[in-house]
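Trainee: could you work out the structure for the sequence below:
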Amino acid sequence: MAKITQQYETIFIVNPTLNEDEINASVAKFKELIESSATIDQFDVWGKRRLAYPIQDLNEGHYVLVRFTSPPDFPKELDRVYNITDSIMRSIIVTVEENRYTRLAKEKEAQRAAEAAARALARETEREAQEQAADVDDTADTSDTTVADAVASVVDTTDAFDSDDANDASGASDADDAGESLPPEDNGDATDLEQDGE
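Mentor: Residues are numbered from 1 along each chain as shown. Below you'll find the predicted structure:
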């Protein structure tokens, strides 16, 4: 079973008439006590500040703020130790509950994070679309070149065939023209017969 924890905040005021070492020893004592039974989320030493009203005829105190997460029974023990420690002038421990402002701040932060994620996704999608369009353009250029080369080679081949046919046809007509103007072939047999008859 999960251990139940709650977030708490405590402020304690150390007597400022103590010397610096005694003040630091008191602060360290309570920090160690809280760390032994809780998880410290925030630890701020505010230092010497003016009190709202005099306590033990003193107008100033050494303030320390601690936010911690602990089981529900620990704050009672911490309060007991505060009350029996002479160097502590006043202390308070409160449960940190999510108030309206904290909730709104968290919701606003979550909304900002979601918007940032959406913008990042849109940029990534746009970049991928541009890359795909560039790839398609490159492919189209390559295929256009290939088609153009194929068409040019077909045209060249067709021209070559046409010129060969034209040469063949013109060669045949040249031969026909030449045959009409040429004397008949001298047939050696016919000449021999004429000579035999004489």
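Trainee: where does pLDDT dip in this protein?
Mentor: Residue ranges of the chain with pLDDT under 70: 1-2, 98-103, 137-198.
Trainee: show me the strands in it, by range?
Mentor: Applying DSSP state E to the chain gives strands spanning 6-14, 39-55, 58-70, 88-95.
Trainee: got CSV for those strands, with mean neighbour count and distance to Val27 too?
Mentor: (C-beta placed from N, C-alpha, C; glycine too.) Listed next are the strands of the chain as CSV, based on neighbours: other CB atoms under 10 Å; distance: least, CB to CB, whole Å:
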stretch, mean neighbour count, distance to Val27
strand 6-14, 19, 7
strand 39-55, 11, 6
strand 58-70, 18, 6
strand 88-95, 15, 10
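Trainee: can you lay out these as TSV showing distance to Lys29?
Mentor: Output for the strands of the chain, formatted as TSV (distance: least, CB to CB, whole Å):
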stretch	distance to Lys29
strand 6-14	10
strand 39-55	13
strand 58-70	11
strand 88-95	10
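Trainee: what about the residue nearest to Ser87 when sequence neighbours are not counted, how many neighbours?
Mentor: Among residues not flanking Ser87 along the chain, Ser26 sits closest, at 4.4 Å (CB to CB, 6 or more residues apart in numbering). The number of residues packed near Ser26 is 20, by other CB atoms under 10 Å.
Trainee: follow-up on the earlier one: so which of the strands of the chain gets nearest Arg119?
Mentor: Comparing the strands of the chain by their distance to Arg119 (CB to CB), the top pick is strand 39-55, with 31.0 Å.
Trainee: counting by contacts, list what the closest one packs against.
Mentor: Where contact means 3 or more CB pairs under 8 Å, 6 or more residues apart in numbering; DSSP states H and E, strand 39-55 is packed against strand 6-14, helix 20-37, strand 58-70.
Trainee: just the residues contacting that strand, thanks.
Mentor: 7, 13, 16, 27, 31, 34, 58-70, 89-90 (CB atoms under 8 Å, 6 or more residues apart in numbering).
Trainee: can you do 6 Å?
Mentor: For strand 39-55, contacts defined as CB atoms under 6 Å, 6 or more residues apart in numbering pick out 16, 34, 59-69, 89.
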